[in-house]
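1. turn this into a structure:
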Amino acid sequence: MDYPAAPKRNWLQRLTGRGKTVIPVVRLHGVIAAEQRQGRLNIASVEPLLKRAFAIKSAPAVAIVINSPGGSPVQSRLISKRIRDLADEHDKPVLVFVEDAAASGGYFIAVAGDEIIVDPSSIVGSIGVIMAGFGFVGTLEKLGIDRRVYTAGNNKSTLDPFLPEKANEVERIKQFELDIHQVFIDHVKAGRAGKLKAADEVLFTGEWWRCCRQHRGPLGVGAAGALGHDRYCPARPHLRHHRHRHLSRHPQDLARLDRRLQVRGRGSPPPAPRARPARARPARRHRPQARQGWHLPAGRRRQTPLTVPGGQTRGLSRMTGTAQ
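-> Purely as a prediction, here's the structure:
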């Protein structure tokens, strides 16, 4: 792998800290699932960010920071394949950095990198397939509930949690898992070709490794290449001369905006207006009554009669404004 060389800078650039080549960093954190919500990784939310990273022409490489316990095998493969397609299209190496974990589907994505760099406390591996569920046989009868299911097809209600397990159904599920496991194995062997140092019986048992173990850890079996992180890698000291630009991921912006604006179809009725809370009217100020002998400013008009002591009412002159 051809690592990006350190750029040559003049004395002014070295003094001001400028002139470093930018390496875009894509952070992939969360569970891998197809659902569109915050904290989920899928091809729909990750692909725009990957395109932005590889589109930076001046970048000599692309860094990907992974922190994922795994998830959907389909989404893991789509993301991993998209990374490799963009890397081959733009002819750029991919550096993968593992933070807390790159297990199962997370490691499936990590294999897309040309180099996998891990932290001493990272968890890597878990190359396997798992499927779990619960059985509630006899629960509904105890509650007095009669369950009714109508199907067309002998295998339509496979692994019904309210019915006892059937041997043929369990065999079908296990074969399904073996097929997916083989896809995982072939992907790891292709991505880490020439770097794996252990037999298949050690690598592909579903075991996850701690990176601090030198012999049985991912470094010992060839699942990872070096220790470090995206800020500094002791095994790759030349990376310190590059400036990293972290790209943010907002997969739910459009969906969240659509919900807030409550976008409706053309034939839908308009939303009902919101009722405004009634506000109490402020109390009117009490104006003192005019007393006899008071004079209003000249030229001011006033039509309200003045009441003077004794019950007599006197009018006001419109022009002079003086009491008559």
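2. going by C-alpha atoms from here, please, whenever you check contacts or count neighbours.
-> Noted.
3. show me what the top strand by length along the chain is packed up against.
-> As assigned by DSSP state E, the longest strand anywhere in the chain is strand 94-103. Applying 3 or more C-alpha pairs under 8 Å, 6 or more residues apart in numbering; DSSP states H and E, we find strand 94-103 packed against strand 62-68, strand 115-118, strand 123-125.
4. what's next to the second one, contact-wise?
-> Taking C-alpha atoms under 8 Å, 6 or more residues apart in numbering as the criterion, the residues outside strand 115-118 that touch it are 94-99, 110, 211, 223-229, 233.
5. what is the lowest-pLDDT residue among the residues you listed?
-> Ranked by pLDDT, the contacts of strand 115-118 bottom out at Cys233 (50).
6. what's the distance between Phe97 and Arg27?
-> From Phe97 across to Arg27, the span is 9 Å (C-alpha to C-alpha, to the nearest Å).
7. list the residues that contact both of the two?
-> In contact with both Phe97 and Arg27: 64-66, using C-alpha under 8 Å, 6+ apart.
8. would you turn the helices and strands packed on strand 94-103 into JSON lines with mean pLDDT?
-> Shown next, in JSON lines, are the helices and strands packed on strand 94-103 (pLDDT from 0 to 100):
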{"stretch": "strand 62-68", "mean pLDDT": "93"}
{"stretch": "strand 115-118", "mean pLDDT": "90"}
{"stretch": "strand 123-125", "mean pLDDT": "91"}
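9. make a markdown table from these and add distance to Val149 to it.
-> As requested, the helices and strands packed on strand 94-103 are arranged in a markdown table below (distance: least, C-alpha to C-alpha, whole Å):
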| stretch | distance to Val149 |
| --- | --- |
| strand 62-68 | 38 |
| strand 115-118 | 50 |
| strand 123-125 | 41 |
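10. residue boundaries of the helices in this protein?
-> 11-16, 43-54, 73-90, 105-110, 139-142, 167-191, 200-203, 218-221, 253-261 (DSSP state H).
11. who's in contact with the fourth one?
-> When contacts are taken as C-alpha under 8 Å, 6+ apart, the neighbours of helix 105-110 outside the stretch itself are 32, 66-73, 76-77, 79-80, 96, 102, 116, 124-127, 184, 187-188.
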